[in-house]
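Peer 1: fold the following for me, if possible:
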Amino acid sequence: MSQPSDTSVGFVGLGVMGYPMAGHLSRAGYRTRVFNRNRARAEAWAKEYAGEVCDSPAAAAQDTDIVFMCVGNDDDVRSVVNGAAGVAATLRRGAVLVDHTTASAELARELDSIARARGAEFLDAPVSGGQAGAQRGQLTIMVGGEPATFGSVETVLETYARAVKLMGPCGSGQLTKMVNQICIAGILQGLAEGIHFAERAGLDVLAVIDVISKGAAQSWQMENRSPTMAKREFDFGFAVDWMRKDLGMTLAAGRRIGARLPLTALVDQFYADVQAFGGGRMDTSSLVERLRR
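Peer 2: Purely as a prediction, here's the structure:
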């Protein structure tokens with residue numbers, strides 16, 4: 001890939017993740033075009049970063065070397081790609097379409113076919129690290145696609161990542177993200193039960209976490225979420241609604257490939273309980289609140 005000043009990028013979707021990710025690209029010197037359904041948010045982005053606000057996904061993709069997408073789900077991706085004034089209308093020959101949305105592996109293969117039909121390339125590249133990771137430029141990016149295509153954009157992806165790895169052919173990035181969500185769900189349920197047990201036993205929760213985090217129980221979730229779980233603070237981070245979307249795709253994929261995911265299915269239902277008491281927008285660590293209730 002050429003130097004930033006010679007590389008133009010389009011970024012579709014300026015949510016809590018896409019907004020800072022597109023910002024890192026702009027600050028790194030890439031000529032950046034952005035589109036967001038809520039134009040006011042795109043205009044706010046343009047006041048903070050150097051870049052052009054576009055009226056449609058097609059305009060953001062017009063004549064750009066790399067087109068990034070970071071939206072909500074499979075249907076949202078299809079809308080910005082295939083809808084009226086979608087990315088597919090202007091994706092140029094030789095460009096690379098990169099989808100950062102956490103979506104299905106089936107959608108990744110569908111997008112790969114669309115890109116190839118236009119003489120372009122495609123990578124599925126879901127991310128992990130949350131809003132804080134996006135803001136700090138410290139995301140983990142799991143990529144599926146052709147090695148040559150990956151090699152052509154790896155340096156660009158590193159603009160907002162601490163780790164970028166090609167996991168295999170198209171769809172492999174999304175499948176790897178499913179493994180990520182399986183592990184997070186199980187860890188959070190265990191952490192929630194541990195904190196709940198400590199509370200019921202009359203222990204100093206933070207003291208318990210401090211000591212056990214020095215041993216084999218340690219995890220990122222323990223280090224970063226246990227203090228807020230103890231304080232009943234859940235108005236941040238990755239929302240329960242989003243996790244249920246991800247776990248739904250994961251369980252469906254598991255059924256197709258014959259993978260047994262009993263714990264994942266159970267925790268998914270626990271998240272449904274959290275939604276039922278109005279916690280859909282709470283952070284995923286709110287599993288502990290379900291136990292308290």
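Peer 1: put the alpha carbons of stretch 169-179 into CSV.
Peer 2: C-alpha atoms of stretch 169-179 as CSV (Å, rounded to 0.1, in the frame of the first residue of the first chain):
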residue,chain,number,x,y,z
PRO,A,169,-10.1,-17.5,4.1
CYS,A,170,-13.1,-15.3,3.8
GLY,A,171,-15.4,-15.7,6.9
SER,A,172,-12.6,-16.7,9.2
GLY,A,173,-12.5,-13.3,10.9
GLN,A,174,-16.1,-13.6,11.8
LEU,A,175,-15.8,-17.1,13.0
THR,A,176,-12.8,-16.1,15.2
LYS,A,177,-14.9,-13.2,16.6
MET,A,178,-17.5,-15.8,17.6
VAL,A,179,-14.9,-17.7,19.6
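Peer 1: off-centre distance for it?
Peer 2: With Cα atoms, centre = their mean, to the nearest Å as the basis, stretch 169-179 stands 12 Å off its chain's centre.
Peer 1: mind listing what's buried in that stretch?
Peer 2: For stretch 169-179, burial by neighbour count (16 or more other Cβ atoms under 10 Å) applies to 170-178. For the C-beta atoms, the positions are set from N, CA and C on the backbone; glycine is no exception.
Peer 1: repeat that for stretch 259-270.
Peer 2: Per 16+ other Cβ under 10 Å, stretch 259-270 contains these buried residues: 261, 264, 267-268, 270.
Peer 1: how many other residues sit next to Ala117?
Peer 2: Per other Cβ atoms under 10 Å, the neighbour tally for Ala117 reads 10.
Peer 1: please report how far it lies from Leu91.
Peer 2: Ala117 is 10 Å from Leu91, where distance means Cβ to Cβ, to the nearest Å.
Peer 1: point to the residue nearest the middle of this structure.
Peer 2: Ranked by distance to the mean C-alpha position of the chain (Cα atoms, centre = their mean), the top residue is Val127 at 4.2 Å.
Peer 1: what residues are up against that residue?
Peer 2: 17, 100, 102, 133-134, 139-142, 161 (Cβ atoms under 8 Å, 6 or more residues apart in numbering).
Peer 1: longest helix in this structure, please.
Peer 2: Criterion DSSP state H: the longest helix present in the chain is helix 172-200.
Peer 1: just want the angle from the helix or strand just after it to helix 172-200.
Peer 2: Scanning forward in sequence from helix 172-200 by DSSP states H and E, the next helix or strand is helix 205-212. Orientation check (axes from the mean of the first three to the mean of the last three Cα atoms, to 10 degrees): helix 205-212 against helix 172-200 gives 120 degrees.
Peer 1: tell me the helices and strands packed up against helix 205-212.
Peer 2: Helix 205-212 is packed against helix 172-200, helix 220-230, with contacts defined by 3 or more Cβ pairs under 8 Å, 6 or more residues apart in numbering; DSSP states H and E.
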